[in-house]
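Participant: How does the following fold in three dimensions:
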Amino acid sequence: MNPCRKVAEKTLLFCPARSSAGWFSAPAAALLVGGGSLPVTAVSIGRGRVRGAHVNAAETSMHLLAHIRPSRLHTQLFKRSLKAPSSATFSSFGASKGSGPMLNRKLGCQGFGASVAAMTSFPPQRYHYFLVLDFEATCDKPQIHPQEIIEFPILKLNGRTMEIESTFHTYVQPVVHPQLTPFCTELTGIIQDMVDGQPTLSQVLERVDEWMAKEGLLDPSVKSIFVTCGDWDLKLMLPGQCEYLGLQVADYFKQWINLKKAYSFAIGTWPKNGLLDMNKGMSLQHIGRPHSGIDDCRNIANIMKTLAHRGFIFKQTSRRI
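Facilitator: Just a heads-up that it's a prediction; the model follows:
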């Protein structure tokens with residue numbers, strides 16, 4: 001069965017849209033497709049009743065300005081437009097100004113619980129802020145033990161706009177194996193001069209706590225969660241090094257979103273090669289240098305923004321007791 005018809009007949013709440021990355025779910029009322037990757041137009045609607053369609057070229061989203069019977073939607077309700085609209089907005093099928101309130105009422109009758117304003121923004125997330133984190137650590141072949149964090153970046157991502165609002169970034173002085181190996185430098189791009197004289201992990205954790213307080217992230221009314229590419233950073237690396245050094249791990253580091261799991265929930269495939277696969281799967285350009293902690297954070301943030309634009313709601317995937 002055509003996935004669009006299957007979903008439409010159930011609730012019409014989500015309607016798949018076709019992209020180079022495959023099928024993904026987006027609110028059918030707005031069909032948010034994000035990134036300008038898929039402008040759409042309304043075409044054949046079978047026996048459904050549509051009085052108008054409003055296309056916003058800037059947002060690459062479409063609003064159905066009508067009462068629609070989900071069970072009668074034609075399977076080809078949406079298709080690619082041959083080219084993006086020539087103007088910022090246009091109306092077709094005789095849609096008129098002032099149809100917003102009518103659309104709100106119609107969507108309410110259909111159980112959407114949406115509004116015209118909500119259609120052109122990201123879906124509400126469960127968190128006010130996402131804290132994107134990606135460690136780089138000492139390493140060699142064969143692996144050295146214990147590994148020590150040598151780069152500690154965090155991006156504060158606004159959960160409403162999915163934009164970066166603040167950055168915490170520092171290199172860290174390793175104390176057990178203070179000399180970086182050639183393998184480590186080649187992999188991460190971090191040279192000895194970048195870690196010499198830098199704060200130790202104990203000092204960095206104090207600075208992180210100060211930064212969290214300054215950014216209002218320790219306020220009980222503010223919901224935030226860390227996001228990593230995999231579980232290694234917060235399940236193994238940080239707690240392992242803290243245990244070795246006799247340091248406490250703050251509670252805010254004990255639950256997080258594994259972006260690999262979130263991506264697989266949204267897209268339906270597991271990103272074996274992490275960020276490279278996720279960027280490729282959504283036709284995104286890789287930012288910066290692989291295995292640079294701060295660049296990896298920027299890639300994670302970009303992937304999250306793209307998924308959110310397509311209607312994905314992020315939730316906690318992992319925790320450590």
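Participant: Quick check, pLDDT for residue 70.
Facilitator: Looking at residue 70, its pLDDT is 36.
Participant: cool, residue 35 as well?
Facilitator: 37.
Participant: Repeat that for the one 3 residues further on.
Facilitator: The per-residue pLDDT reported for residue 38 equals 35.
Participant: strand partners of the longest strand belonging to the chain, parallel vs antiparallel please.
Facilitator: The residue-count maximum for a strand in the chain (DSSP state E) belongs to strand 149-158. Paired strands of strand 149-158, with direction, are strand 129-133 (antiparallel), strand 136-137 (antiparallel), strand 164-171 (antiparallel) (DSSP bridges).
Participant: Contacts for the shortest one next, please.
Facilitator: Same thing as strand 136-137. 147, 148, 149, 150, 151, 188, 190, 237, 291, 292, 293 (C-beta atoms under 8 Å, 6 or more residues apart in numbering). Where you see a C-beta, it was placed from the backbone N, CA and C, and this is true even at glycine.
Participant: run the last query once more with 7 Å
Facilitator: 147, 148, 149, 150, 151, 188, 190, 237, 291, 293 (C-beta atoms under 7 Å, 6 or more residues apart in numbering).
Participant: What is the nearest of those to residue 125?
Facilitator: Closest approach to residue 125 among those (C-beta to C-beta): residue 293, at 24.1 Å.
Participant: and that closest one, how far is that from residue 137?
Facilitator: 9 Å (C-beta to C-beta, to the nearest Å).
Participant: ok so, going back, least confident pick among the contacts of strand 136-137?
Facilitator: residue 291 (95).
Participant: list the contacts for that one?
Facilitator: Going by C-beta under 7 Å, 6+ apart, the list of residues near residue 291 reads 136, 187, 188.
Participant: Can I have the buried ones of the residues you listed as a ChimeraX selection?
Facilitator: In ChimeraX, this line selects whichever of the contacts of residue 291 come out buried by 16 or more other C-beta atoms under 10 Å:
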select :136,188
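Participant: Next, format the contacts of residue 291 as TSV and append distance to residue 220.
Facilitator: Below are those laid out as TSV (distance: C-beta to C-beta, whole Å):
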residue	distance to residue 220
136	32
187	40
188	36
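Participant: Return the member of the contacts of residue 291 nearest to residue 210.
Facilitator: Once C-beta to C-beta is applied, the member of the contacts of residue 291 that ends up nearest residue 210 is residue 136, at 21.9 Å.
Participant: Any regions of the stretch 51-200 of the chain where pLDDT drops low?
Facilitator: 51-121 (pLDDT under 70).
Participant: repeat that with 80
Facilitator: 51-122 (pLDDT under 80).
Participant: And the strands in it?
Facilitator: For the stretch 51-200 of the chain, the strands defined by DSSP state E, counting those that start in this stretch cover 53-56, 61-64, 78-80, 89-92, 129-133, 136-137, 149-158, 164-171.
Participant: how about residue 269, what does it touch?
Facilitator: residue 281.
Participant: Show the pLDDT at it.
Facilitator: 97.
Participant: can I assume residue 259 is in contact with residue 227?
Facilitator: Yes: the pair residue 259 / residue 227 is scored as a contact, 5.9 Å apart, by C-beta atoms under 7 Å.
Participant: anything in contact with each of the two?
Facilitator: In contact with both residue 259 and residue 227: residue 300, using C-beta under 7 Å, 6+ apart.
Participant: I figured residue 172 was touching residue 147, is that so?
Facilitator: No: contact criterion C-beta under 7 Å: residue 172 and residue 147 do not qualify, at 11.7 Å.
Participant: neighbour-wise, which of those two wins?
Facilitator: Neighbours per residue, other C-beta atoms under 10 Å: of residue 172 and residue 147, the larger number sits with residue 172, 26 against 22.
Participant: quick one: contacts for residue 231?
Facilitator: 258, 318.
Participant: how about a cut-off of 8 Å?
Facilitator: 256, 258, 318.
Participant: any idea whether the first one is helix, strand or coil?
Facilitator: When the structure is reduced to helix, strand and coil (DSSP: H, G, I helix; E, B strand; the rest coil), residue 256 reads as strand.
Participant: how many neighbours does it have?
Facilitator: Residue 256, neighbours per other C-beta under 10 Å, totals 23.
Participant: Name all residues that make contact with it.
Facilitator: 133, 225, 226, 227, 228, 231, 234, 316, 317, 318, 319.
Participant: re earlier: closest to residue 242 among the contacts of residue 291?
Facilitator: residue 136 (16.8 Å).
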